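Student: can't give you the sequence, but here's the structure:
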């Protein structure tokens with residue numbers, strides 16, 4: 001029973017940590033966009049029917065410019081199930097996601 005409780009608590013703490021991380025990332029991207037890219041740039045908030053958030057991430061080519069990652073995050077947060085999509089994209093593109101977050105810290 002103790003082991004089951006520990007597993008349950010660890011999963012719960014991870015989920016809370018991930019929720020906190022997603023919230024902080026969104027707030028950071030809002031601030032960066034306002035500071036660097038807010039003039040005359042519109043973010044398309046509609047969700048292309050044929051594209052998943054992972055496909056949109058790949059199509060955004062965040063490796064070219066970290067501000068593309070900022071725009072992607074702002075787009076993603078407006079989508080249904082954005083938190084779950086964040087978890088999946090981060091898991092499936094782990095290396096590139098880490099690189100983008102490291103670049104955000106430099107802005």
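Tutor: Perfect, thanks for sending it. Source: prediction; values computed, not measured.

Student: Scan this protein for its longest helix.
Tutor: Secondary structure of the chain per DSSP state H: the longest helix is helix 2-32.

Student: residues of the helix or strand that that one is followed by that come out buried?
Tutor: Scanning forward in sequence from helix 2-32 by DSSP states H and E, the next helix or strand is helix 53-60. Residues of helix 53-60 classed as buried by neighbour count (16 or more other CB atoms under 10 Å): 53, 56, 57, 58, 60. To be clear about C-beta, it is placed using only N, CA and C from the backbone, and glycine gets the same treatment.

Student: If you average pLDDT per helix and strand, which one of the protein comes out bottom?
Tutor: Using mean pLDDT, DSSP states H and E, the weakest-scoring helix or strand in the chain turns out to be helix 2-32, at a mean of 85.

Student: Would you mark the buried spots in it?
Tutor: Buried-residue list, helix 2-32, by 16+ other CB under 10 Å: 22, 25, 26, 28, 29, 32.

Student: And the closest residue to the fourth one other than its chain neighbours, how far from residue 3?
Tutor: Read that as residue 28. Among residues not flanking residue 28 along the chain, residue 104 sits closest, at 6.3 Å (CB to CB, 6 or more residues apart in numbering). For residue 104, the distance to residue 3 equals 38 Å [CB to CB, to the nearest Å].

Student: so how far is the least confident helix or strand of the chain off the chain centroid?
Tutor: 13 Å (CA atoms, centre = their mean, to the nearest Å).

Student: Against which helices or strands is that helix packed?
Tutor: Here helix 2-32 touches helix 66-77, helix 82-92, helix 94-106, going by 3 or more CB pairs under 8 Å, 6 or more residues apart in numbering; DSSP states H and E.
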